[in-house]
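**Student:** What shape does this take:
(2 chains)
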Amino acid sequence: GNSVTQMEGPVTLSEEAFLTINCTYTATGYPSLFWYVQYPGEGLQLLLKATKADDKGSNKGFEATYRKETTSFHLEKGSVQVSDSAVYFCALSASPNFGNEKLTFGTGTRLTIIP
Amino acid sequence: GAVVSQHPSWVICKSGTSVKIECRSLDFQATTMFWYRQFPKQSLMLMATSNEGSKATYEQGVEKDKFLINHASLTLSTLTVTSAHPEDSSFYICSASGTATMNTEAFFGQGTRLTVV
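**Tutor:** Just a heads-up that it's a prediction; the model follows:
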């Protein structure tokens, strides 16, 4: 079956540091890949997505590229801010229209940015 | 964006009692709702999928009689943990999809942390 392996946390960085959170997946076919973010006391929010190989998802300065050859979807940001402190989840779906599809999640990575 | 509200955010209950968790779509009609569970240091795992007016479809290994899901309206789904035991302590989170984005995306509630003592 499908699975997602995510870099374990917690991760603590200084403001303006470079961020990478690793994510690799196992899936049959051609899944769609997602990064979700959960801020304290809030629900998971879709941060970015990529629906086919070599696609790059980007939002709020975060980027992730769908690498089929390495089955990876690593999250990166060039200069983090305190407001980026949150829990980040990598996930996949069998379909790009994932409203009716279940998502397979990684374990989540807690990121803390210190001023 | 579409908002999904989950209540309560946390609950502590005694072993043997039942607990109900609500998941509401506040500004759209949710034709499909998903319930996930997360144990410490593990992934969010899908428990069941429910479509409004239909019986929920449970994932393999999830006890239907223990985790009762009701999706009686287009804005509300409930998860009732019956005869809760300490091993049911977990983080439960719902997501909903529907008219907001023509079912192309699901939106998540903030989750409920259940502790059974």
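
**Student:** Retrieve the pLDDT associated with A:Ala12.
**Tutor:** Heads up, residue A:12 is Thr, not Ala. Here the pLDDT value assigned to A:Thr12 is 97.

**Student:** Check A:Gly41 too.
**Tutor:** At A:Gly41 the predicted local confidence, pLDDT, stands at 79.

**Student:** Just give the number of residues close to it.
**Tutor:** Each residue near A:Gly41 was counted by other Cβ atoms under 10 Å in any protein chain shown, and the total is 8. (C-beta placed from N, C-alpha, C; glycine too.)

**Student:** Find the residue closest to the spatially most central residue of chain A in space, skipping its chain neighbours.
**Tutor:** To find the centre residue of chain A, average its C-alpha atoms and take the closest one (Cα atoms, centre = their mean): that gives A:Trp35, at 2.9 Å. Of all residues not flanking A:Trp35 in the chain, A:Leu47 sits nearest, at 4.5 Å (Cβ to Cβ, 6 or more residues apart in numbering or on different chains).

**Student:** and the one you found, what element?
**Tutor:** For A:Leu47, the element it lies in under DSSP states H and E is strand A:45-50.

**Student:** helices or strands up against that strand?
**Tutor:** With contacts defined as 3 or more Cβ pairs under 8 Å, 6 or more residues apart in numbering or on different chains; DSSP states H and E, the secondary structure elements packing on strand A:45-50 are strand A:32-38, strand A:56-59, strand A:62-65.

**Student:** Using CSV, list the CA coordinates for it.
**Tutor:** Coordinates of each C-alpha in strand A:45-50 appear next as CSV, following Å, rounded to 0.1, in the frame of the first residue of the first chain:
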residue,chain,number,x,y,z
GLN,A,45,-4.1,23.8,6.0
LEU,A,46,-3.0,22.9,2.5
LEU,A,47,0.4,24.6,2.0
LEU,A,48,1.3,23.4,-1.5
LYS,A,49,0.8,20.5,-3.8
ALA,A,50,2.2,18.8,-7.0
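
**Student:** Which residues of chain B lie near chain A?
**Tutor:** Where proximity means Cβ under 8 Å from any Cβ of the partner chain, the interface of chain B facing chain A comprises B:1, B:4, B:6, B:9, B:32, B:34, B:36, B:38, B:41-46, B:49, B:93, B:95, B:97-98, B:101-111.

**Student:** filter those residues to the buried ones?
**Tutor:** Of the members of the residues of chain B next to chain A, the ones counted as buried by neighbours, 16 or more other Cβ atoms under 10 Å in any protein chain shown, are B:4, B:6, B:32, B:34, B:36, B:38, B:43-46, B:49, B:93, B:95, B:97-98, B:103, B:105-111.

**Student:** residue ranges with poor pLDDT in chain A?
**Tutor:** In the predicted model of chain A, residues A:96-100 satisfy pLDDT under 70.

**Student:** need the strands for the chain, in chain order.
**Tutor:** As the question left the chain open, I've gone with chain A. Secondary structure of chain A by DSSP state E: the strands cover A:3-6, A:11-14, A:19-21, A:23-26, A:32-38, A:45-50, A:56-59, A:62-65, A:75-77, A:86-93, A:104-105, A:109-114.

**Student:** Correction: the question concerned chain B.
**Tutor:** Going by DSSP E, chain B shows strands at B:4-7, B:10-13, B:19-25, B:30-38, B:44-51, B:57-58, B:67-73, B:76-81, B:90-98, B:107-108, B:112-116.

**Student:** partners of the first one, with directions?
**Tutor:** Put plainly, it is strand B:4-7. When pairs are called by DSSP bridges, strand B:4-7 turns out to pair with strand B:19-25 (antiparallel).
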